[in-house]
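Novice: give me the fold of what follows.
(one chain, ligands or ions: 2)
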Amino acid sequence: MRIERAVLREIPLTLAEPFRSSAGVVTQRRVLLLRLEAEGIEGWSECVALEAPTYTYETTDSAWQVLTELILPVAAGRDVSDPGSILEVARGIRGHPMAKAVLEMAVWDLVSRAKGISLSEMLGGTRRTVPVGVSLGMMSTPEALGDEVARYLEDGYARVKVKIGPGRDITVLAALRERFPELVLWADANSAYSLEDAPLLQEFDALGLGMIEEPLVPHGFLDYSRLQGRIETPICLDESIVTENDAALAVELGSCSVVNLKPGRVGGLAASRRICDRLTGADVSVWCGGMLESGVGRAHNLALASLAAFGLPGDISASRRYWERDIVTPDFEVVGGEMAVPTGPGIGVEVDVERVEALTVRSAEFG
Ligand code: OSB
Ligand code: MG
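Specialist: Ligands and ions are numbered 1, 2, ... in the order given. Have a look, this model is predicted:
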């Protein structure tokens with residue numbers, strides 16, 4: 001099977017509510033969607049890059065450039081029988097894993113649809129439902145955040161992750177812990193602290209957090225290992241883990257005991273599986289994060305999270321947590337803290353093509 005045609009589009013989607021982290025606020029996503037075509041079958045994927053380089057260096061526009069100028073022109077016509085090797089077409093391109101993942105993940109969807117099996121099955125997933133949590137942005141007051149938590153607990157989420165940063169940390173977390181003594185609570189700092197903040201981060205030890213995600217500068221593996229020696233809360237790495245070498249370093253140095261794996265961040269699904277194997281082989285727990293994706297990206301994340309190794313609840317929330325109206329059907333739902341893994345071919349949800357076309361602000365075609 002060869003890629004006959006590739007269409008990359010950009011559509012703006014406004015979040016149901018603004019999402020604030022230590023890296024800034026996101027109110028709208030500029031979603032890049034790729035559709036591949038071969039033998040009358042389609043494969044879909046989504047780019048996770050944010051508009052500004054506040055999470056990693058990639059952006060919507062850098063991904064657009066790398067995809068339209070370097071990757072997609074050489075992808076057209078390529079054989080896709082082994083999705084894990086499609087990125088040979090991008091071998092000469094340094095970095096830019098989010099741009100590369102777009103091609104790779106659409107190929108996985110295409111090939112699993114062609115085989116008539118779900119992407120989960122094709123990846124070796126064994127879970128029919130996946131435990132999920134919700135990632136909450138910073139709110140104006142601890143009370144407002146507490147009310148939001150209460151709402152999501154009523155909706156059945158299995159745990160809550162909150163964004164923290166200097167001035168919005170210990171007081172907010174202590175208030176949540178007091179109001180919800182049994183809550184499975186995680187905190188994500190998106191690199192807002194340094195090793196000098198260790199005394200403050202030590203105060204978190206009393207709060208029974210499941211983990212603290214990416215408290216320090218990305219790739220500071222040595223500082224992470226020093227910090228873990230000084231705090232009890234398990235450190236989870238997100239931005240820091242992009243390559244297999246990052247995973248090897250983190251394991252070797254004891255920089256973390258948990259990793260938030262996002263296929264878009266690490267260059268795709270095959271790379272995710274390789275990184276996952278390295279980590280779990282060294283007793284590092286793995287779970288699947290999110291990037292405020294549309295239903296297309298979330299479907300891919302859910303398929304990855306169906307692998308047995310993904311034991312902790314993912315940042316994979318219901319469609320309505322992100323969008324008034326998603327671009328796929330059916331909507332993703334959470335029941336009793338779990339999300340059902342689609343069983344239909346490929347990502348198992350259908351893209352609302354008419355709406356996507358109506359929303360398109362730019363597109364580029366290849367093949
Ligand atoms: O750090 O995990 C993160 C969203 C955008 C960029 C980075 C992160 C996040 C989230 C939201 O935490 C996860 C989600 O529900 O998609
Ligand atoms: Mg994170």
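
Novice: all helices for the stretch 51-200 of the chain, in order.
Specialist: 60-65, 72-75, 97-115, 119-123, 142-154, 170-179, 198-203 (DSSP state H, counting those that start in this stretch).

Novice: quick check: which of those is buried the most?
Specialist: helix 97-115 (a mean of 27; mean count of other Cβ atoms under 10 Å). (Glycine included, C-beta is placed from N, CA and C.)

Novice: tell me which strands and helices that helix is in contact with?
Specialist: On a contact count with 3 or more Cβ pairs under 8 Å, 6 or more residues apart in numbering; DSSP states H and E, helix 97-115 meets strand 24-38, strand 41-46, helix 60-65, helix 119-123, helix 263-266, helix 269-280, helix 295-305.

Novice: may I have it exported as PDB, CA atoms only?
Specialist: This file holds the C-alpha atoms of helix 97-115, laid out as PDB (Å, rounded to 0.1, in the frame of the first residue of the first chain):
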ATOM      1  CA  PRO A  97       9.300  15.100  16.700                       C
ATOM      2  CA  MET A  98       5.900  16.700  16.800                       C
ATOM      3  CA  ALA A  99       6.000  17.400  13.000                       C
ATOM      4  CA  LYS A 100       7.300  13.800  12.300                       C
ATOM      5  CA  ALA A 101       4.700  12.200  14.500                       C
ATOM      6  CA  VAL A 102       1.900  13.700  12.400                       C
ATOM      7  CA  LEU A 103       3.000  11.600   9.400                       C
ATOM      8  CA  GLU A 104       3.700   8.500  11.400                       C
ATOM      9  CA  MET A 105       0.400   8.500  13.300                       C
ATOM     10  CA  ALA A 106      -1.700   9.000  10.200                       C
ATOM     11  CA  VAL A 107       0.100   6.000   8.700                       C
ATOM     12  CA  TRP A 108      -0.800   3.900  11.700                       C
ATOM     13  CA  ASP A 109      -4.500   4.900  11.400                       C
ATOM     14  CA  LEU A 110      -4.400   4.200   7.600                       C
ATOM     15  CA  VAL A 111      -2.800   0.800   7.900                       C
ATOM     16  CA  SER A 112      -5.000  -0.400  10.700                       C
ATOM     17  CA  ARG A 113      -8.100   0.700   8.900                       C
ATOM     18  CA  ALA A 114      -6.800  -1.200   5.800                       C
ATOM     19  CA  LYS A 115      -6.400  -4.300   7.900                       C
END
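
Novice: which residues touch the nearest residue to Tyr224 once chain neighbours are set aside?
Specialist: On the basis of Cβ to Cβ, 6 or more residues apart in numbering, the spatially nearest residue to Tyr224 that is not a chain neighbour turns out to be Ser255, at 3.7 Å. Applying Cβ atoms under 8 Å, 6 or more residues apart in numbering, we find Ser255 in contact with Phe221, Leu222, Tyr224, Ser225, Gln228, Ile235, Leu237, Ser240, Leu249.

Novice: let's see that with 6 Å instead.
Specialist: Residues near Ser255 by Cβ atoms under 6 Å, 6 or more residues apart in numbering: Phe221, Tyr224, Ser225.

Novice: who touches the nearest residue to Gly346 once chain neighbours are set aside in this structure?
Specialist: The shortest distance from Gly346 to any non-neighbouring residue, by Cβ to Cβ, 6+ apart, is to Arg113 (3.7 Å). With contact taken as Cβ under 6 Å, 6+ apart, Arg113 is in contact with Ile41, Pro345, Gly346.

Novice: quick one: the second one and Gly116 touch, right?
Specialist: In other words, Pro345. Yes - applying Cβ atoms under 6 Å, one finds Pro345 in contact with Gly116, separated by 5.4 Å.

Novice: these two: which has the busier surroundings?
Specialist: Neighbours were counted for Pro345 and for Gly116 using other Cβ atoms under 10 Å; Pro345 has more, 18 against 11.

Novice: show me the contacts for that one.
Specialist: Listed by Cβ under 6 Å, 6+ apart, the contact partners of Pro345 are Arg113, Gly116.

Novice: look up how far ligand 2 lies from it.
Specialist: 31 Å (Cβ to the ion, to the nearest Å).

Novice: if I look at that residue, how far off is Ala303?
Specialist: 12 Å (Cβ to Cβ, to the nearest Å).

Novice: show me what Leu33 is bridged to.
Specialist: Arg9, Glu46 (DSSP bridges).

Novice: model confidence for it, exactly?
Specialist: pLDDT, Leu33: 98.

Novice: quick check, it in contact with Arg9.
Specialist: Yes - between Leu33 and Arg9 there is a contact under Cβ under 6 Å: 5.0 Å.

Novice: of the two, who's got more company?
Specialist: Set Leu33 next to Arg9 and count neighbours by other Cβ under 10 Å: Leu33 wins out with 24 against 18.

Novice: fine, thanks again, bye for now.
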